[in-house]
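Q: Take a look and give me a structure for this.
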Amino acid sequence: MPFLRILFTYGLLTIFALLLYPKLALGMVLLFFAFLVPGKTRQKARDALRPAKDKIVEIWKRF
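A: Residues are numbered from 1 along each chain as shown. The predicted structure follows:
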């Protein structure tokens, strides 16, 4: 199931990030839950977490 594979991979990345970059891992977890919140709250959460997402993408591109 693709969703479970993505969830598992994201979980592994979060654990790896937790060991190296604890603040980044917290951002990853918050970013994940921001996509589960409905409506306007979701957009507000995404806007608030955009810097964390940009940092995740920057680190991801290094590998």
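Q: Show me the shaky parts of this structure.
A: Applying pLDDT under 70 to the chain flags residues 1, 3, 34-42, 45, 63.
Q: And the strands in it?
A: Using DSSP state E, no strands are found in the chain.
Q: Tell me who's in contact with F32.
A: Taking C-beta atoms under 8 Å, 6 or more residues apart in numbering, we find F32 in contact with Y10, T14. In this view, the C-beta of every residue, glycine as well, is placed from N, C-alpha and C.
Q: and with 7 Å instead?
A: For F32, the contact set (C-beta atoms under 7 Å, 6 or more residues apart in numbering) comprises Y10.
Q: Could you measure from it over to K55?
A: 15 Å (C-beta to C-beta, to the nearest Å).
Q: for the protein, what's the longest helix?
A: Taking DSSP state H as the criterion, the chain has its longest helix at helix 39-62.
Q: so what does it touch, helix or strand wise?
A: Contact here means 3 or more C-beta pairs under 7 Å, 6 or more residues apart in numbering; DSSP states H and E; on that basis helix 39-62 packs against helix 22-34.
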